[in-house]
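Novice: Whatever this is, show me its structure:
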Amino acid sequence: MTVVIAGNGPSIKDVSPGQVLASDRIIRMNNFYFEPETWLGNRVDLFLAAGDPRVAPFSLSTLKTCLDEYDIRGWSSFNPRIVRSGRKILPVPYFDMPLYADYGFAAQAQAVMARFDVKPMTGTLALLIAYAAGARRFVVAGIDLYSSTQRYMYHPGPHQRALMGHDLAERGVDVRLHNHALDLELIRLLARQPDVEIHHANCAGSLAEHLPVAPVREGDIPHRRRRQPPSDWVPFSGAYPIHLLRLLRRIRSTQMRLSDRVCTGALKPFRN
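Specialist: Here you go, the predicted structure:
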């Protein structure tokens with residue numbers, strides 16, 4: 001069985017026919033539902049939700065509006081706050097997926113992560129989760145480690161840019177949260193396990209330098225242009241308006257800037 005770990009990088013549009021098949025198990029993540037075409041078909045065996053838990057109610061509510069287009073068989077998250085939101089919003093079975101299993105590789109992976117002051121990207125965690133669940137043959141697609149001039153295969157809408165940063169589409173790796181060296185080391189470590197095969201489906205950037213390209217197999221996966229994919233997160237999650245979250249973010253940002261000015265001013269008398 002081949003498990004496809006599908007990110008949202010621009011290279012997902014470049015998957016060659018036969019690199020991903022309809023018989024493969026498909027893991028998709030975060031805001032994949034903004035895609036203008038169903039690049040990997042409409043069946044999703046596992047949806048993995050990550051990111052800011054305060055934004056999750058709006059992201060998951062937007063996904064809920066797309067369930068008539070996607071056959072999502074189950075979902076998971078490693079963030080308890082996202083799990084709580086998703087269980088209220090998504091009418092999809094939740095699976096408590098293991099991040100590690102009880103064997104030597106888990107200790108090696110944890111040792112690698114302990115050397116970095118950031119977290120792995122969602123695609124890398126999806127690989128670890130699938131491996132812990134028993135998968136051994138992988139194809140990664142659309143995982144470019146933010147190496148392209150555009151982060152995603154879609155253009156973020158106004159709500160998404162307001163909450164995540166107006167430079168979201170172009171800023172590359174957010175170094176406050178991620179370090180592509182960590183992800184490359186974890187992926188290479190997993191690929192060295194004697195029972196593991198990892199290929200990339202025409203991914204861009206440094207990942208393609210470290211993994212073999214996925215072979216073309218007999219068959220394909222159907223995809224089509226979507227009628228009207230969402231262009232932004234929904235304005236409400238239940239009674240909770242996204243504009244309130246945007247306002248709270250602006251207030252918090254202003255408070256932090258004022259705090260920085262006060263601290264800087266308080267230090268001035270002690271400078272030579």
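Novice: What are the boundaries of the helices in the stretch 101-250 of the chain?
Specialist: 104-114, 122-132, 158-164, 180-191, 207-210, 242-267 (DSSP state H, counting those that start in this stretch).
Novice: mind putting those helices in CSV, mean pLDDT included?
Specialist: What follows is the helices of the stretch 101-250 of the chain, written out as CSV (pLDDT from 0 to 100):
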stretch, mean pLDDT
helix 104-114, 89
helix 122-132, 95
helix 158-164, 94
helix 180-191, 95
helix 207-210, 90
helix 242-267, 72
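Novice: Quick one: closest of these to Ala22.
Specialist: Nearest of these to Ala22, taken as CB to CB: helix 122-132 at 18.3 Å. No exception for glycine: its C-beta is placed from N, CA and C like everyone else's.
Novice: circling back to that earlier point, Pro80 is nearest to which of the helices of the stretch 101-250 of the chain?
Specialist: Short answer: helix 122-132, nearest of these by CB to CB, at 15.0 Å.
Novice: CA atoms only: put the closest one into PDB for me.
Specialist: Extracted in PDB, the C-alpha atoms of helix 122-132 (Å, rounded to 0.1, in the frame of the first residue of the first chain):
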ATOM      1  CA  THR A 122       2.700  19.600   9.000                       C
ATOM      2  CA  GLY A 123       3.800  17.400   6.000                       C
ATOM      3  CA  THR A 124       6.700  16.000   8.000                       C
ATOM      4  CA  LEU A 125       4.500  15.300  11.000                       C
ATOM      5  CA  ALA A 126       2.100  13.500   8.600                       C
ATOM      6  CA  LEU A 127       4.900  11.200   7.500                       C
ATOM      7  CA  LEU A 128       5.700  10.400  11.100                       C
ATOM      8  CA  ILE A 129       2.100   9.800  11.900                       C
ATOM      9  CA  ALA A 130       1.600   7.500   8.900                       C
ATOM     10  CA  TYR A 131       4.800   5.600   9.700                       C
ATOM     11  CA  ALA A 132       3.700   5.100  13.300                       C
END
